[in-house]
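>>> Structure for the following, please:
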Amino acid sequence: MDPGMMLRTAVVLLAITGAGGLLMAGMRFTGRPRPPDWLAMLHGLLAGSGLTLVLYTAFTAGLAANALLGLAVMVLAALGGLILNLRYHTQGEALPVWLVLLHAAVAAVGLVIFAIAAWG
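Numbering: from 1, shown residues only. All right, here's what the predicted structure looks like:
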């Protein structure tokens, strides 16, 4: 598979991940303190799959500078997701709305950068 196809595949995986993230954010904004465990785990699994594919592409075929920037932004979003999961979700605490919004905003920026790199 060529690098462009792998990056486009990762963008699709991450877009599906984002849809699940929007669903979980909607749950939080309507009063649920946390999403269901299965949904949070699926969200993380899909995000990890997309990022792994981008990392594989970067190490084996190389990526353009803008795709590497998208990777750096997505790693920051992943760190935010890890904090949400390990600090709040697994402890049974309500997810802080400000952190949910920050995580979503950073991930959205990373996704747009990836999409521009893949199809631009």
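
>>> C-alpha from now on. contacts and neighbour counts both.
OK.

>>> residue contacts, the residue most central in space within the chain?
Nearest residue to the geometric centre of the chain (C-alpha atoms, centre = their mean): residue 47, 4.7 Å. If you count contacts by C-alpha atoms under 8 Å, 6 or more residues apart in numbering, residue 47 has them with 13, 14, 17, 78.

>>> in the strand or helix carrying the second one, what counts as buried?
Assigned by DSSP states H and E, residue 14 belongs to helix 3-29. Of the residues in helix 3-29, those buried under the neighbour-count criterion (16 or more other C-alpha atoms under 10 Å) are 3, 6-11, 13-18, 20-21, 24-25, 28.

>>> sorry, back to before: give me the pLDDT value at the residue nearest to the centre of the chain.
Here the pLDDT value assigned to residue 47 is 98.

>>> That one is in what secondary structure piece?
Element membership for residue 47, per DSSP H and E: helix 37-60.

>>> With just CA atoms, put that helix into PDB.
Extracted C-alpha coordinates of helix 37-60, given in PDB (Å, rounded to 0.1, in the frame of the first residue of the first chain):
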ATOM      1  CA  ASP A  37     -17.100   1.800  29.000                       C
ATOM      2  CA  TRP A  38     -17.500   0.000  25.700                       C
ATOM      3  CA  LEU A  39     -17.800   3.200  23.800                       C
ATOM      4  CA  ALA A  40     -14.800   4.800  25.500                       C
ATOM      5  CA  MET A  41     -12.800   1.700  24.800                       C
ATOM      6  CA  LEU A  42     -13.900   1.500  21.100                       C
ATOM      7  CA  HIS A  43     -13.000   5.200  20.700                       C
ATOM      8  CA  GLY A  44      -9.500   4.700  22.100                       C
ATOM      9  CA  LEU A  45      -9.000   1.500  20.000                       C
ATOM     10  CA  LEU A  46      -9.900   3.300  16.800                       C
ATOM     11  CA  ALA A  47      -7.800   6.300  17.600                       C
ATOM     12  CA  GLY A  48      -4.900   4.100  18.400                       C
ATOM     13  CA  SER A  49      -5.300   2.200  15.200                       C
ATOM     14  CA  GLY A  50      -5.300   5.400  13.100                       C
ATOM     15  CA  LEU A  51      -2.300   6.800  14.900                       C
ATOM     16  CA  THR A  52      -0.400   3.500  14.600                       C
ATOM     17  CA  LEU A  53      -1.100   3.500  10.800                       C
ATOM     18  CA  VAL A  54       0.300   7.000  10.600                       C
ATOM     19  CA  LEU A  55       3.300   6.100  12.600                       C
ATOM     20  CA  TYR A  56       3.900   3.000  10.500                       C
ATOM     21  CA  THR A  57       3.700   5.200   7.400                       C
ATOM     22  CA  ALA A  58       6.100   7.800   8.900                       C
ATOM     23  CA  PHE A  59       8.700   5.200   9.700                       C
ATOM     24  CA  THR A  60       8.500   3.100   6.600                       C
END
